[in-house]
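coords below, sequence missing:
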């Protein structure tokens, strides 16, 4: 499942913390750049002026609800 989000640098620590609680892989990307969403250095290396795509390979209701606050209209 994929979610399109807008993230600010000051929100990265909480985002990575929420992703780390998932028992499945979570990736975050824009264009061709894909990083592990559980890596704070990887996420901080992204361009926050872009709409980011979060790809999850499982389902966690808490994480899905957390992502809603960053959601971007498609």
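Arrived safely. If you're wondering where the values come from, they're calculated on a predicted model, not measured in any experiment. Residues are numbered from 1 along each chain as shown.

all helices for the protein, in order.
If DSSP state H is used as the criterion, the helices of the chain fall at 12-20, 40-44, 61-68.

right, and those helices - which one's nearest residue 1?
For residue 1, the closest of the helices of the chain is helix 61-68, at 8.4 Å, according to CB to CB. From N, CA and C alone the C-beta is placed, and that goes for glycine too.

Can you give me the buried ones in that closest one?
For helix 61-68, the neighbour count (16 or more other CB atoms under 10 Å) marks 63, 66-67 as buried.

For these, could you give me CSV that also reports pLDDT and distance to residue 28?
Below are the buried residues of helix 61-68 laid out as CSV (pLDDT from 0 to 100; distance: CB to CB, whole Å):
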residue, pLDDT, distance to residue 28
63, 96, 12
66, 95, 13
67, 95, 11
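
Name the nearest of the residues you listed relative to residue 21.
residue 63 (7.0 Å).

unless I'm mixing things up, that closest one is touching residue 20, no?
No - here residue 63 lies out of contact with residue 20, judged by CB atoms under 8 Å, at a distance of 10.0 Å.

so which of the helices of the chain comes closest to residue 30?
helix 40-44 (11.3 Å).

Going by contacts, tell me the helices and strands next to that closest one.
Counting by 3 or more CB pairs under 8 Å, 6 or more residues apart in numbering; DSSP states H and E, the packing neighbours recorded for helix 40-44 are helix 12-20, strand 33-36.

Can you get me a residue count around the nearest residue to residue 6 once chain neighbours are set aside?
Leaving aside its chain neighbours, residue 6 sits nearest to residue 72 (5.1 Å; criterion: CB to CB, 6 or more residues apart in numbering). For residue 72, the count of nearby residues is 12 (other CB atoms under 10 Å).

ok, residue 72 to residue 5 distance?
6 Å (CB to CB, to the nearest Å).

Check residue 28 too.
Distance from residue 28 to residue 5, by CB to CB: 8 Å.

Next: residue 30.
For residue 30, the distance to residue 5 - CB to CB - is 10 Å.
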